[in-house]
Structures are given as C-alpha cells and as structure tokens.
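Novice: Sequence plus the predicted model coming up.
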Amino acid sequence: MKAAETLRHRSAQKLSIEQLEPRQVLSGNPVAACPVTSEPDDAASGVDTPAEVAAAEVPASTGDLAALVSVSDAQAYRNQLLAGVSQIAIVGAPGQIAVFDPPGAAAGEGAFGVIHDGDYRPIVAASVWGSGRIVAFGHNGYTNFNSVGNSLDTGQFYLNSIEWITGIADTSAAIVTPSSGTRDWLVSQGFDNVSVHSDWENYLAGADLLVAELGPNVSAAKQAAVSNYVQSGGGLITGGTGWGYESLGYDLVTLDGNQVLREAGLGWANGFRNGTTNATRRSTELANASQALEFTQQLWSGGSGTTAQQEEAGEALQTVLDILPADHPLAVAISEAFSGRADSISATPFTPVSNSLDKAVLTWESNLLQATPVEEVAAHHTAETIYGTIPDDAPRVSDTVSIDTSSTRWHATGLYAAPGEIVTITVPSSLVGRGFRIRINAHTDNISQRDSWERMPVVHRSFDIDQTTIQVASAFGGSIFIDLGGNAYSPPPNLGDVDINIDGAIRQPYFVLGEHTDQEWIDTFRDYPAPYAVFVSDNLIIVQRSSESATLAEPTALMAWWNEVVALQDELAARLEPRTGPELINVDIQNSAGAAHSGFPIQAYDRYWGNLADWNSLPVDGSWGDFHELGHNHQRGWWTFDGDGEVTVNVFSNYTLENQSPDSSNSWAYSADPLETMQRAIADVAQGGTYSNKSSRWSFWFQLADGFGFETYRNVFASYEADNANNPSALPSSNAEEKDQWLVRWSNEVGYDMTEFMVDTWGLTVSQSAINSVAALPDWMPLATSLGDFQIDLGELQVIDAAASGLGMDGVATFAGITSQPQHGTLTDSGNGTYTYEPNIISGLDSFTVSYQSSAGNTQEFVIEVTVGTGFLPGDVNLDGGLDSNDVALFLQGWRSDTTGLTEAEQYMHGDLNLDGTTNFSDWYLLREAWNAQGGVALSFSALASAVQGDFNNDGNVDQADYSLWKDSFGKTSDPSSGGSFLAADGNLDGTVDLADYTVWRNHLGQSFSPAAEAQVSSEVVAAVTEPADTSTESTTAPIMGSSSDASDERLGRSWFSSTGNPVSRAPNLGRTYVTANSSFPTATTEHSLLDTLRVSTQLSAEDAFAPANFSSDASLRTRNEEITLEAARDLAFDQYPMQRSWGLRAAGARTMRITVA
C-alpha cells in the first residue's frame, strides 16, 4: 500500500508552539510522524494486563538486585503517586525517560519508573535525590498544569505528586513556576501560595516545590540552583521532550536539562508515544538501567527471565545510552558487558532485530561508531546490505564544488563517501568556526523507538568545520553535504560563493535544476556509481536510491515540478520572511516513525514510500504523502487545535494536489472534489458531538476552501503572521483561544458569520464572546452540486436537471438560476428546472454557470465545463465519424471556398479544416496529416496535386506568372506542422520550394482550372483512394516513373503507380523525378544553370511522399558531379537506399547522364 493512502487513518497529537519553544516557532513545524498503520489498542499490542504487571513487579528470577531505592519502596511510592489514577492525558507525543542509579548515591536514593508507554519505556519517572524528590514527565507540556490538569485523571496525579514530593497533604505548599497556566490551575484547586517567575532560580528559598521545564537553554545559574535546592530537600516537577529537542538539533548528552537530571538518575531520551496512558502500566525495577544491566548479566550467565522482563531491561539499557557520556561509570559498565556481542547481531531488512537486549547492544555499538576516530573507521558489516553496493572499479575523485552561502541549511555536493573510507575536505577559512558542519548521508533518524530494526539505530555522522582541512569517514557511507545551519527562513551566512575541495569520494547521480541539463543527466550523471542519488532545486532537495531514477529522462521537468510544490505551500503559508533554505526529503531504508515524518530532513520509510523521481505518475497522481509532510513544515500551532496535527496539515496537501495534480485518482483526490467533500462532511457531522470528538475532521477544512478559495486561507494565515511579527500578544495562547480566533478571523475575512457552519453544524466549541463578535455578519452554509463537467459531440443534446442537483449540509440547496450562458452552444430552459444544452462547435471547450442558495441565505456559483468533440475525428470533413473517400470528395468540392460567416460545422464541411475562412493548402495539409495518422491506405496526394497544383498564384491558369513566383521563392522553407505558413510556390507541400515544385508547375503548364475539370480529377482521386492498395513487390520491369510509352512525354513529378494503376501505399518512389536527354526547358535557361545539363534530381521518402529525404542527406554524395550511366545511377540509388531496390528503374537505353546531387 502506498503510504499516502494510509495517512488518513490516524490523527497524531501536535506539539504546540507553546509546548516546544523557541526553535519550534522558527520552523513552524509541529514535528509529526505519519503512521504506516493506525495505533493498535492494548489488546492487540501485547500489553500486559494489570494482574500480569503486578505479578511481574517483583520477578523471582532477578535475584537480589542492588537497588538503591528498594523494590518495595519503589512500589510503595508508585502506589502513592497513582492513588485514584486510572489514565493520564497525553500532551503532544511524550518522550522516553532514562532511569538509573546515579554514581555515589546512597541507599534509598535513586530513580525509578512510574508509568511506561505499553512497551516498557518510562514516560513518567521519579527520583529521590539527596533530601529532595522529583517527578518527571516525558513532555515539557506537562509543566503547564492548565493544559491537561482537567483531563482524565491527570489533575489527581498532579496533586498526588505534590503531596509525595512535599509531604504536605493540603494546599498550603509554596510553589514557584514560570508558567501562568500552572499557577491558574493550582489556584483553581485551592493553592494560594503560587508565584510566577521566569527567573525562578532567585525565588527558591522557602519554596516547597518548583514546577519548570528543564530542557535546552537552562543557564548555569539555574542548573546550580535547582541542584542545590532539590538535594537540600526541595521538590521538583519537571517535563522534557527528548526526541523533540534532538529533532531541533540538541545533543541529549550535553543538553542543559540532562546535565542536572543525570545527577538524580534521570534524563530526557529519544523516542515518543501518542495517545492516553493507562496508569496500570506500571514500571518495575527493571526500568532502572543499573538494575537492568545486572539482570542482563545474570541472564547471559545462564539465568532466566520472562520475555516481559527482558523487554523492560532492554528498553532501559537502550534509553540510558541516549543520555550518558562515554566515560560515565554506567556507560563503561555497559560497554564491558556488550563488547563481545555486537558482531553477532545484524539489523537489516532481511534480518530485522526486535529483541530488546539485542537492540540495547546495537545502541551501544551505534554510540561507539559515532565516537570512533576517523582514522579507525571501518565499513560496518551491514552497510552494503542496507545501502547498496559500490562497484569495485568506482573511481575515487578529487573535485571542487562551489557552495552558494546565500542559502541556509544543507548544500549537496554530488559526492558520496564510501563506507569506512576517509574523505578529505578542504574549505576556505571563512567557513571555519561558524558552527557549520559536514554531514555524511541524510539518514539522520534515530530509529531506536521502532519495535523492529532494519538497520542500526544511528547511521548518520557529522563533523564540525573547525579547521580548513577536515578528514571525515562513516561506517555506513553516504552523500556528502555541507551544513550551513539555520532554518528555512533564517538569515543566511552571505559569504559569497565558496569553493570546497573534496578528495577521496565517489560521484553519485546528481542533478541541479538550472545548472545541469537533461542531456548531461542522460549521458553521464545518472550512471555515476554511488547507490544514492541527489536532486536539487532552490526549494527542495531529494535523496533516494539511485535505482529509482535510473531510467529518468526529464530531470528538469521533475525538479521544476517539485520546486513548485514547495513554492505553492510557501505562498499559502503567507510567511512574512522569504525562504532562505530548501526542504529536504530523504528516503531511508527505515525511519524513526510511521511511513514518513516531517522536520528537517523529512524522513520517509523506503518500504512504504513512492518513487519521488517517477515522472510518469507524479504530474497525474501527485504524491499526497510528500505534500502532507511538506505541509507539516508549514503548519502553525495558532490555527491547529489540540489533536489536529494530522488534520490542518492537509490544507496544504489539498492545495498542492489541486494545483500540481488536479486529475489525481488517489485516495485523497476527493479533497479536490467539492461534491464528494460535501458528502463526506454530511456523514462526518452525522456522528454528533463536538468537533474534537469526530473521527474525521478533514472535510471541515476542505469545505472552507471550496466555499471561499485558497486565497482566503492565505489571507487568514497572513493575519496570524502579521500578529506574530507586530503584536504577538494578539495570538492565541490556549486551545480554546485557537478555536475562538479561527471563527472570528475567518468570519471577518469573508464577511460572513461562520457560527452556523463551524459551531452549530460541526460542533466547534467556542466562547460566547467569540460568537457575539461576528453575529452582525450574514450567515453562511456550504453548497455543492452534483452537476459535473461533461463531454458531448456536435449534434448531441445534454439534459441538465439543475433544480434537483444542489446539495447542502442540512439538505437545503435551492437552485437560483443560470448566471452565465454558454458561448459555443445553447442552453434551453424546459420550464421545470431542467435545461438542454446543444453545442454549435465541432470541438473545443464551452462553459456555463449555475447558482444555488443555502438555508442561511448565501449563494454560490458553480462553473460547468463542457468539452465538445471528444469523438471528433480530424479530417472527417463530412462529420460522419469516419475518414474515407467521401471526405476527400467533399474537401475537393470545397476547394478555394470562402467560409467566413459560416458555422464551424459548415466551414468544416467546406474543407476549411483550420476554420480560418478559406479552404486552401493549409487545410490540404491537415487532411493529409489525418490520413497519415489513421494508417492503412495512404492518401495519394500526388494525384490530388495534378488537379490543383502548379497554379501558384491561384489565378486559375498555370502560366509564366506561376513560374516567376516559383523562381522568386526558390530555396525558401517553412514547416507547416510547426505552425509555419505555407509557401505559395511549394507545390508538393514538403516545406521547401525546390526543383520538385518546378516539376509540378511544368507538368501543368498551359492548364486552366475550371470547376468541371477539377470535379473530373476529383472523381479520379476519390476512385483511387477507394480501391485497395497494391502492396505487392514490384519487379524491376516496372515502368520508369513518370514515363509513358513515348519517351518524349517523360516528365518530372508525375505520380508513380504500379502496373495495376493503383497508388502504392508503401511506395517510397512517389515523387522521384528525373530529366532525360530529350527533355526541354522553359525559356531563359541562362537563369537556370542548374538545369542546363542533363541531370537526375532524386527525392526519396520513407513510405510517405510528403516527408522527403534526398541524396543530400548522405555526405558522400553532396559533392558528386560525374558522368555515369543510367544503370549506374540506379545502382547508386540502390546502394544508398536499399529499401528502394524492389521498385527498380528501367532505362529506355544506356544513355549517359550527369548526376549532380545538391
């Protein structure tokens, strides 16, 4: 299943702007994972029952583990914390918490897990640290008690935590917090000694509890203050989002908050979970990595343990390795235990690893590989299996690439580091010491939270540009990028174009829009040996397996299309800052979450993701999954309600699909169809309840676009952006305010009160003050119609039941009339709400507009587009649906007609095929093209030429005036198939005025064209094309082309027919001409030196008399000018054009001739 088809099955929570500051705001990206499948429920996911958890709480096989906080004490603490608690609400996507015994801690001190996520990864943990206590949540949003304090049993858990930490059972505890939301909630619970301070480190004296996030940007003063405070008996409730911090570029080992929390045996680690948390999922002592290591060593020494115990121990060891420095005593002990086991475990798509203890070993190995000195790096034993083979003979090159520093983020180089090989990179001094980095491969995801691993958890490696020459290497290899930092909208370095030398890498398939050509790609670039290709445009970089683009022939069109995808979303997002850096989509063998997730880079799971270089399908079907992930990177929390991270993003997906792939038939194509969107919306609201309770909410947002257009979206988004820049206090600061402002901002923008639609119909919960603020505006409800675009042919009728075709959310859509009439047809009112459309054109587009009125009183127009002539056959002059001799006859009857003032049908039936007002050579050309396209019997235009050509000036006589026109036009060319005009003297319509046209004139010299004469020839032509073609092979005794029994009558340019008199459908000889010794020429031969000697002018054609090729196409003949016999001329023709051999030339005698090939 294509990933894009599964995205709609699950709505993941978002990280709000408030919850992940400050860098989250810069990217505007609530980092979202788009799942492969929907989240399983507990019964299906292998989660233990409460009884099983309780039974496993004190596992018999663990022996006497050296727990600082004893098993019984930890259990008692959990019981106290979870009293009266069944479920805790989820804020965003909580991360995992590392739990361990800190070095030097005394008995009774240390950390323990409280609640796990269903896969034994702690998302709530606690610690006894000195004389104080800590409760830690796996998301920074929990430190705003107001966000979820009133959801499920979360408030009770907050109260239990306060009592367990402070020992104060009532509401008298003195609490310090930087969060006004936390203060408001505590006050609502009766606490009256709560103070709000951003510089809380100065207010801890006398406080019983601090509630604050400890993530990035925790000053040294704050770190010292909180350490001293807690160890001296103070209390701390904190929260942090390890995976979120890491996605924003922070190192979890050096993260400010982890520097403090590690002293207490805690740390924010990678990985996350969505959904509510069941409080019966209680952690055991094996959630503590120190105790898990002891258990693991016993197990590997012959001990026993349940699967659940091994899973919990393995998760604890994996998690703690995320946050420990290599020299930490626990990290050293883990290294000693794991060092002998790594080589026996291979995580690949063919041998996935799911055992938690094995994964812990691979996590340790990944950390070791990240720290391995460059000179000691070797290719990992899974590198080739995972990322592909590099040919043995792939050359290592030294190349200089130019980097444009007016752009932020990553810059592709077109070079690839082979696994385990050192690459030397030399940069100018202007790049040194500015925080820039060299990156090897774009596979930046840590996949440790996956249940099963198809690669090592970490395969990306980066190096600081801290000197002008840097050696880099990776055990897994990959594309080399220069990372100039920043985000999509931050100021670039602006150091000019800088040259960087890269030595020891291999070339990869590489294409830069505007710099490389399609031909360069086809001839060279796409065949470079690296297993991954990189495509670059100003707005987007794509990285995927080289095999995906091995047959791509149009990279320019491909990347122009992708570049426009991002440009469209930028336009809709209405950011005030211009884009300064590209997005990047990387397709990895396995990513960290879902089928793909947003961020930078966007990471997609190869198993489920489509080919981003499939130029055959992208313009048709689009790529909803990629549109969706790029949309996340434009999404803003101000207008994304809680739970709508996977909903509002599709405003961008929908807009992109409608612009880039409007004819898509994928599962999300309905978003571009107002009728189907309306039908789905009706079903969605039928569920009842509030907006947030509805399982499907996408149609709410699509209906706004259908009703008011995407320009309205842009304007409303722009209002938020303007406030962000100029009046931040005007932005919403809570979920309730987000909903209020959406109603008010949209209503004011469109001039309608949207309450009936948003609140009364969809159940959006907003305040009465918000409703009152827009009540003076007229009401609005959406409309749709089942009338659709249609196709019709001339002579057909289409009945349109306009009155019965409207659709509204409440069943009301009253037909309000036809507001614009068709321009190329008639629409007849039947008087009963139906109309009949009749076209008056042969082919083309027409349209008319219908209007409906909703129950709210608003009206909406719908344009119905009509395609006329889909069954029309070009060249079908009599419009009977076929192409035959009758069309030729009718065309000849209409020759030279003036068709101005006639209908299109009448013009066509007079042979005016291009509808330009006259039937002439241009129409003749179109008729010929129609016959050629149909195949079968070839229309003998040479015979037709006998009737109507030669009269170049169209005066009815073939005379000296026509010759003068030919002479004056000699050598001119025009290509009618490319829109060029016809040349009057181009008698055979081959695009060139040449000797063959002279032949036409000479053969008709002295003729006059009367209607009777033309009719006679016309009948002959019709008779000729009616007879079946003679496709038999002619013998060499066929008559000389153009000759009669009388040699003196031999003339240039006559049509060659077989001995049966039929036109030969495969006769390439049509148009071959020659002049014999007794041919006479017109007067003024001195002006025609080319004709003053006996010569043969040969015009060849590949099965088409009007697609000439001649001897001049062969370089060896261009300068030939010699005396040869006619037999030699024949042999020469045979040698050069063997397909002519079966048609032969028969000489009237062995006359000597001069062959001059121009």
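Specialist: That came through, no problem. Residues are numbered from 1 along each chain as shown.

Novice: Only C-alpha atoms from now on, for both contacts and neighbour counts.
Specialist: Fine.

Novice: First-to-last residue distance for stretch 241-258?
Specialist: 11 Å (Cα to Cα, to the nearest Å).

Novice: Tell me the gap between that stretch and the middle of its chain.
Specialist: 30 Å (Cα atoms, centre = their mean, to the nearest Å).

Novice: try stretch 563-572
Specialist: 11 Å.

Novice: what does stretch 773-788 contact?
Specialist: Residues outside stretch 773-788 that contact it (Cα atoms under 8 Å, 6 or more residues apart in numbering) are 674-675, 678, 703, 707, 744, 747-748, 751-757, 800, 802, 805-809, 813, 852-858, 860, 862, 864-865.

Novice: Mind listing what's buried along it?
Specialist: Buried residues in stretch 773-788, counted by 16 or more other Cα atoms under 10 Å: Val774, Ala775, Asp779, Trp780, Met781, Pro782, Leu783, Ala784, Thr785, Leu787.

Novice: mind checking the end-to-end distance for stretch 900-917?
Specialist: 5 Å.

Novice: Likewise for stretch 529-546?
Specialist: 9 Å.

Novice: Then stretch 486-494?
Specialist: Terminal residues of stretch 486-494 lie 12 Å apart, using Cα to Cα.

Novice: And Gln298, how far from Gln291?
Specialist: 11 Å.

Novice: Please identify which of these two sits among more neighbours.
Specialist: Taking neighbours as other Cα atoms under 10 Å, Gln298 and Gln291 compare with Gln291 leading, 23 against 16.

Novice: Which pLDDT value belongs to that one?
Specialist: What the model reports as pLDDT for Gln291 is 95.

Novice: before we move on, what SS does it have?
Specialist: When classified by DSSP: H, G, I helix; E, B strand; the rest coil, Gln291 comes out as helix.

Novice: Would you quantify the distance from it to Thr363?
Specialist: Distance, Gln291 to Thr363, using Cα to Cα: 18 Å.

Novice: next one: Gln821
Specialist: Distance, Gln821 to Thr363, using Cα to Cα: 70 Å.

Novice: Which of these two has more residues huddled nearby?
Specialist: A direct count of neighbours by other Cα under 10 Å for Gln821 and Thr363 places Thr363 higher, at 25 against 14.

Novice: Tell me the helix or strand right after the longest helix along the chain.
Specialist: In the chain, assigned by DSSP state H, the helix with the most residues is helix 555-573. Sequence order places strand 583-588 as the next helix or strand after helix 555-573, per DSSP states H and E.

Novice: Quick check: which helices or strands does that following strand pack against?
Specialist: In terms of contacts (3 or more Cα pairs under 8 Å, 6 or more residues apart in numbering; DSSP states H and E), strand 583-588 is packed against strand 540-545, strand 602-605.

Novice: With respect to Gly420, which of these lies nearest?
Specialist: For Gly420, the closest of the helices and strands packed on strand 583-588 is strand 540-545, at 19.6 Å, according to Cα to Cα.

Novice: What strands flank that closest one, and is each parallel or antiparallel?
Specialist: strand 532-536 (antiparallel), strand 583-588 (parallel) (DSSP bridges).

Novice: how about the CA coordinates for that strand, as CSV?
Specialist: C-alpha atoms of strand 540-545 as CSV (Å, rounded to 0.1, in the frame of the first residue of the first chain):
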residue,chain,number,x,y,z
LEU,A,540,13.8,21.2,-2.3
ILE,A,541,16.5,18.5,-2.1
ILE,A,542,15.5,14.9,-2.8
VAL,A,543,17.7,11.9,-1.7
GLN,A,544,16.7,8.4,-2.6
ARG,A,545,18.2,5.2,-4.1
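
Novice: List of residues touching it?
Specialist: In contact with strand 540-545 (Cα under 8 Å, 6+ apart) are residues 442, 531-536, 562-563, 566, 582-588, 612.

Novice: hmm, 6 Å instead?
Specialist: Pro531, Tyr532, Ala533, Val534, Phe535, Pro582, Glu583, Leu584, Ile585, Asn586, Val587 (Cα atoms under 6 Å, 6 or more residues apart in numbering).

Novice: Thank you, goodbye.
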